[in-house]
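Engineer: Attaching a predicted model along with its sequence, questions to come.
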Amino acid sequence: MALKPGGGQVTICEQIVEDLPSGLTLLFEKMPSGLTKLSIFGDLPYGNREIIFNEDGAEAGGGTCLRGDCHPSWLREVEANNG
């Protein structure tokens, strides 16, 4: 892929993928510790799941996701000013 002249690199810290056929939402997060977390939200038999991967991409942990919703961590609610 051609690069834009003077362009720089960025690091993606978070990505949300909604898979409509399965009804699942996948949330990929780069944690401050360097680990990567995959959270899976949807109609799963044992609830939402989290899987943590180490720097080499190997599974480092996992379990039931305690968060009930999937939204970007940087997205904040804005109060309307009806002035």
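Structural biologist: Structure received.
Engineer: Can you list the low-confidence ranges for the chain?
Structural biologist: 1-2, 67-78, 80, 82-83 (pLDDT under 70).
Engineer: residue ranges for the strands of the protein, please.
Structural biologist: For the chain, the strands defined by DSSP state E cover 14-19, 24-30, 36-41, 49-53, 59-64.
Engineer: Paired strands for the first one, with orientation please.
Structural biologist: The partner list of strand 14-19 in its sheet, established with DSSP bridges, is strand 24-30 (antiparallel).
Engineer: for the strand it pairs with, which positions count as buried?
Structural biologist: 24-27, 29 (16 or more other Cβ atoms under 10 Å). (Each C-beta comes from the backbone N, C-alpha and C, glycine too.)
Engineer: try stretch 38-51
Structural biologist: By neighbour count on 16+ other Cβ under 10 Å, the buried set for stretch 38-51 is 38-41, 48-50.
Engineer: How about L44: what's its closest non-neighbour residue?
Structural biologist: L24 (7.7 Å; Cβ to Cβ, 6 or more residues apart in numbering).
Engineer: show me what contacts the one you found?
Structural biologist: When contacts are counted by Cβ atoms under 8 Å, 6 or more residues apart in numbering, L24 touches 18, 40-42, 44.
Engineer: how far away is it from I52?
Structural biologist: 18 Å (Cβ to Cβ, to the nearest Å).
Engineer: Next: T36.
Structural biologist: 7 Å.
Engineer: what about F41, distance to G23?
Structural biologist: For F41, the distance to G23 - Cβ to Cβ - is 10 Å.
Engineer: Ok, F53 next?
Structural biologist: As judged by Cβ to Cβ, F53 and G23 stand 24 Å apart.
Engineer: So between those two, which is more surrounded?
Structural biologist: F53 (17 against 11; other Cβ atoms under 10 Å).
Engineer: Make sure that one is actually in contact with G34.
Structural biologist: No: in this structure F53 lies outside contact range of G34 using Cβ atoms under 8 Å: 10.3 Å.
Engineer: Keeping just the C-alphas, turn stretch 41-51 into PDB.
Structural biologist: Taking Å, rounded to 0.1, in the frame of the first residue of the first chain, the C-alpha atoms of stretch 41-51 are listed here in PDB:
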ATOM      1  CA  PHE A  41     -20.700  -9.500  23.600                       C
ATOM      2  CA  GLY A  42     -23.900 -11.100  22.500                       C
ATOM      3  CA  ASP A  43     -26.300 -14.000  23.100                       C
ATOM      4  CA  LEU A  44     -23.700 -16.500  24.400                       C
ATOM      5  CA  PRO A  45     -24.700 -19.500  26.600                       C
ATOM      6  CA  TYR A  46     -22.400 -18.600  29.500                       C
ATOM      7  CA  GLY A  47     -22.500 -14.800  29.200                       C
ATOM      8  CA  ASN A  48     -20.200 -12.300  27.600                       C
ATOM      9  CA  ARG A  49     -16.500 -13.400  27.500                       C
ATOM     10  CA  GLU A  50     -13.100 -11.900  27.800                       C
ATOM     11  CA  ILE A  51      -9.800 -13.400  26.500                       C
END
